[in-house]
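3D model of this:
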Amino acid sequence: MYTISKEYHFSASHVLHGLNDNHPCSRLHGHNYVVVVELQNEELNETGFVRDYRELDALKKYIDEEIDHRHLNDVLGENNTSAEMIAKHFYDWCKEKWPEVSAVRVSETPKTNAEYRP
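Below you'll find the model as predicted:
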């Protein structure tokens, strides 16, 4: 199995609902997110790629135009924008465009990661 990945960065705010009022994530706050999209295929295409990295520029454009420096609860239409849910959102968005997508990982801090892998 061949695996490639590409990393993207954005900043955004959100609120996590359903937490104790004294939990810091129950208040409006933001993160500098890192998103890593992973693609896998058992065979390479005619140019020797799983997929050309340049084709993934559509994700950067989506992030820059729709996600970066926004309030994720508004943009994603979710009451609870946990890293896990954000990873699933990006997975679904990517999978529609690139069938080789196998997972998406989202990091809110350098020490935390959430991954969606069906």
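
looking at this structure, which residue ends up farthest from its center?
Glu46 (28.3 Å; Cα atoms, centre = their mean).

now that residue, what's its secondary structure?
Following DSSP: H, G, I helix; E, B strand; the rest coil, Glu46 is assigned to coil.

kindly report the same for the one 4 residues further on.
State at Val50, reduced to three classes by three-state DSSP: coil.

contacts for the longest helix that the chain contains next, please.
For the chain, the longest helix by residue count, based on DSSP state H, is helix 83-97. Residues external to helix 83-97 that are found in contact with it (Cβ atoms under 8 Å, 6 or more residues apart in numbering): 33, 35, 37, 58-59, 62, 72, 76, 78, 101, 103-108, 112-116, 118. The C-beta positions use only the backbone N, C-alpha and C, and glycine is treated the same way.

strands - which of these land there?
In this view, the contacts of helix 83-97 that belong to strands under DSSP state E are 33, 35, 37, 101, 103-108, 112-116.

I'd like to know which of the residues you listed are buried.
33, 35, 37, 101, 103-108, 114-116 (16 or more other Cβ atoms under 10 Å).

among the ones in strands among the contacts of helix 83-97, which two are most distant?
Using Cβ to Cβ, the pair of the ones in strands among the contacts of helix 83-97 lying farthest apart is Val101 and Thr112, separated by 22.0 Å.

leaving out the residues flanking it, which one is nearest to Cys25?
Nearest residue to Cys25, sequence neighbours excluded (Cβ to Cβ, 6 or more residues apart in numbering): Leu16, at 4.3 Å.

and the one you found, how far from Ser82?
Remark: distance between Leu16 and Ser82 (Cβ to Cβ, to the nearest Å) = 6 Å.

ok, now Lys111?
16 Å.

now Asp52
32 Å.

just Pro24 next, same as before
For Pro24, the distance to Ser82 - Cβ to Cβ - is 14 Å.

look at the two and report which has more neighbours.
Using other Cβ atoms under 10 Å as the criterion, Pro24 and Ser82 rank with Ser82 on top: 16 against 9.

okay then, goodbye and thanks.
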